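Peer 1: Structural data only, the sequence is not supplied:
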């Protein structure tokens, strides 16, 4: 995939990570226990960003967020979690979700690539 690295946007990735960090910020980390208000806001934040990656967002009854694609070809599901342990580090979980989101933004919009990246944030 020549040239694909030039389309990844490190500033956008860092902005996304900092946006998630601000939700439930606690000292130098975060505090987002499962189903707490900060955790639920994080799920909504992700759901609102998935259309930017040509994904349809759903949140199931147990708090999993899935961004699915109708693009033809094979799919790669990638992600992590958005809640945290009590008073945890700010990258645990969101790093995997945001990297998956960025990969989806780059790959899903490219008609020359057969397939898509789908994004998940698993709950607890």
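Peer 2: Great, that's in hand. Keep in mind it's a predicted model, so treat the numbers as computed, not measured.

Peer 1: Which stretches in the protein count as helices?
Peer 2: In the chain, the helices defined using DSSP state H lie at 10-22, 37-49, 94-108.

Peer 1: other SSEs contacting the first one?
Peer 2: Contacts of helix 10-22 with other secondary structure elements, assessed using 3 or more CB pairs under 8 Å, 6 or more residues apart in numbering; DSSP states H and E, are made with helix 37-49, helix 94-108. In this view, the C-beta of every residue, glycine as well, is placed from N, C-alpha and C.

Peer 1: any idea how far the residue nearest to the spatial centre of the chain lies from residue 108?
Peer 2: Taking CA atoms, centre = their mean, the centroid of the chain lies closest to residue 97, which sits 3.4 Å from it. Distance, residue 97 to residue 108, by CB to CB, to the nearest Å: 16 Å.

Peer 1: ok, back up a step: tell me which of the helices and strands packed on helix 10-22 sits most buried.
Peer 2: Most buried of the helices and strands packed on helix 10-22, by mean neighbour count (mean count of other CB atoms under 10 Å): helix 94-108, with a mean of 22.

Peer 1: what residues are up against residue 41?
Peer 2: 23-24 (CB atoms under 8 Å, 6 or more residues apart in numbering).

Peer 1: picking that back up, could I get the helices and strands packed on helix 10-22 as a markdown table with mean pLDDT and distance to residue 7?
Peer 2: Putting these into a markdown table (pLDDT from 0 to 100; distance: least, CB to CB, whole Å) gives the following:
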| stretch | mean pLDDT | distance to residue 7 |
| --- | --- | --- |
| helix 37-49 | 97 | 17 |
| helix 94-108 | 97 | 5 |
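
Peer 1: re the thing from before, for residue 19, see how far away the residue nearest to the centre of the chain is.
Peer 2: Per CB to CB, residue 97 is found 12 Å from residue 19.
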